[in-house]
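A.B. asks: below is the structure, and that's it, no one-letter string:
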Ligand SMILES: Nc1nc2c(c(=O)[nH]1)N[C@@H](CN(C=O)c1ccc(C(=O)N[C@@H](CCC(=O)O)C(=O)O)cc1)CN2
Ligand SMILES: NCC(=O)N[C@@H]1O[C@H](COP(=O)([O-])[O-])[C@@H](O)[C@H]1O
């Protein structure tokens, strides 16, 4: 069967490129297993195109010089990332992320746990897994315990933290940290922002507000963190049906289940460097299965 292939949308050819609007078929051929991509050198431009099980390229009628890039095993995999997780309570999202790092789902390691409550469940879990626990902000009752904003930034840098993940953390992240880690702090909120977010809306209060509003859907939102509560760029969401006689606790449980799945998926993407920023500032996730697709 003749192998027809069509251009993947990810290549932006120059407007006047001869490649843009002429097409032909190319003789059937199969790529040797270790050939990653083929590049066509035309009189106008040199284009690297990738041909794989599901990605396509459109061959054009010119006399290309095909240069095969061979995978000699030296392809750079994204470096394993260092994560700091911030919690205030039980830390179930933190535990799921940590499990993802251990089972290979996430190309990263949790190197620090930060909390405003050193006796919370998340801190207990961290200590039992050999993860250092830091207190931020300073506790009013024990000002000797805990870090200042500048001390927190210094420690995160000293540990080489790549991304900061808020997971049930109930204090405002200071501007010093937001500015020190631009586009590298994520938060998970248990409702579909921009609705049901902001100061005073956390934990079970969020689910009560959703039920009182009569909303038919809720679900987790993962967003980048800026200086205000819940106003950063939205990266991912998942919808959960609200059932008519739901109690806040029942809705919370259903949303939390979705949070666990969504956060591990998003952290895996950020550790594999699959976050891309659209020209209008909206962050997108590149599909792992089909790199030509974003969501
Ligand atoms: N700079 C930012 N800091 C934080 C953000 C953020 O988006 N930007 N997200 C929050 C998490 N969060 C919602 O997802 C949230 C947490 C807490 C509150 C809140 O009103 N807190 C109370 C204090 C609660 C307490 O001390 O028990 C308050 O500030 O009065 C709103 C939203 C984490 N930080
Ligand atoms: N606005 C912040 C907020 O309400 N965060 C919420 O706190 C819970 C923490 O659970 P966990 O400690 O078991 O991960 C989660 O539902 C998270 O979305």
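C.D. replies: Right, received. Where do you want to start? Computed from a predicted model, the values in this text were never measured in an experiment. Ligands and ions are numbered 1, 2, ... in the order given.
A.B. asks: C-alpha only now, for contacts and for neighbours.
C.D. replies: OK.
A.B. asks: which positions within the strand or helix carrying residue 261 qualify as buried?
C.D. replies: Assigned by DSSP states H and E, residue 261 belongs to helix 248-271. By neighbour count on 16 or more other CA atoms under 10 Å, the buried set for helix 248-271 is 248, 251-252, 255-256, 258-260, 262-271.
A.B. asks: around ligand 2, which positions in the chain sit nearby?
C.D. replies: Residues of the chain found near ligand 2 (CA under 6 Å from any ligand atom) are 89-94, 167-168, 170, 188-190, 201-203, 256.
A.B. asks: if we go to 5 Å?
C.D. replies: Contact residues (CA under 5 Å from any ligand atom) of the chain with ligand 2: 89-93, 168, 189-190, 202-203.
A.B. asks: for the stretch 101-250 of the chain, just list every one of the strands.
C.D. replies: For the stretch 101-250 of the chain, applying DSSP state E, counting those that start in this stretch gives strands covering 108-115, 133-135, 163-166, 185-189, 217-218, 221-224, 234-237, 240-241.
A.B. asks: hmm, the fourth one in reach of ligand 1?
C.D. replies: The reference is to strand 185-189. Yes. Applying CA under 5 Å from any ligand atom, one finds strand 185-189 touching ligand 1 at residue 189.
A.B. asks: so which of the strands of the stretch 101-250 of the chain gets nearest residue 81?
C.D. replies: Using CA to CA as the measure, strand 108-115 is the one of these that comes nearest residue 81, at 4.4 Å.
A.B. asks: quick one: mean pLDDT over that closest one.
C.D. replies: The pLDDT scores in strand 108-115 average 98.
A.B. asks: with stretch 221-239 instead?
C.D. replies: In the prediction, stretch 221-239 has an average pLDDT of 98.
A.B. asks: got the buried residues for it?
C.D. replies: Buried, per 16+ other CA under 10 Å, within stretch 221-239: 221-226, 229-230, 232-238.
A.B. asks: one more: stretch 110-127?
C.D. replies: Applying 16+ other CA under 10 Å to stretch 110-127 flags 110-118, 121-123, 125-126 as buried.
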